[in-house]
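In: sharing a model that was predicted from the sequence below.
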Amino acid sequence: MVDKFFSPRSMAAIEPELRHQVGDLIDGIVASGDTCEVVGALAIPYPSQVFLTLFGLPLEDRDRLIGWKDAILQFSEADSPEPTPEVLMQAAEMYGYLFEHLTHRRDNQGYDLL
């Protein structure tokens with residue numbers, strides 16, 4: 001079902017955008033003139049941006065996506081089988097976000113994974 005989204009032709013079509021995004025992140029690191037922690041500055045934000053791009057979601061939502069991911073991972077690594085209210089809130093926000101975008105997409109077909 002998702003093969004067409006990962007075909008060489010499809011990936012070649014979004015490659016320039018993905019290269020631009022990683023270039024912007026690297027330019028930001030360079031412009032800071034400081035040393036950086038590469039995981040926080042590049043290895044966390046970039047895959048999230050790739051996900052958003054593949055799903056046709058706004059890049060401005062990157063930090064929200066990372067926050068939701070972190071909350072869910074924190075719960076999955078916790079010893080407690082019950083999620084905290086904070087994790088439940090994050091999960092509900094993510095569900096609402098995705099539901100809103102899926103509802104919109106049903107009415108407005110796109111050419112992305114969503």
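Out: Sure, I can see it. Numbering: from 1, shown residues only.
In: so after the lengthiest helix in the chain, what's the next helix or strand?
Out: Across the chain, the longest stretch assigned as helix under DSSP state H is helix 8-32. Per DSSP states H and E, the first helix or strand lying C-terminal to helix 8-32 is helix 38.
In: before we move on, which element is the residue nearest the centre of the chain in?
Out: Nearest residue to the geometric centre of the chain (C-alpha atoms, centre = their mean): Ser48, 3.0 Å. Using DSSP H and E, Ser48 sits within helix 45-54.
In: go on, Gly96?
Out: helix 85-107.
In: state the mean pLDDT of that helix.
Out: Across helix 85-107, the average pLDDT comes to 91.
In: now stretch 60-69
Out: pLDDT averaged over stretch 60-69 gives 94.
In: which of the residues in it are buried?
Out: Arg62, Arg64, Leu65, Trp68, Lys69 (16 or more other C-beta atoms under 10 Å). Every C-beta, even on glycine, is put in place using the N, C-alpha and C of the backbone.
In: swap in stretch 72-83?
Out: Of the residues in stretch 72-83, Phe75, Pro83 count as buried by neighbour count, 16+ other C-beta under 10 Å.
In: now do the end-to-end distance for it.
Out: 9 Å (C-alpha to C-alpha, to the nearest Å).
In: what's in contact with that stretch?
Out: Here stretch 72-83 makes contact (C-beta atoms under 8 Å, 6 or more residues apart in numbering) with Thr84, Val87, Gln90, Ala91, Met94.
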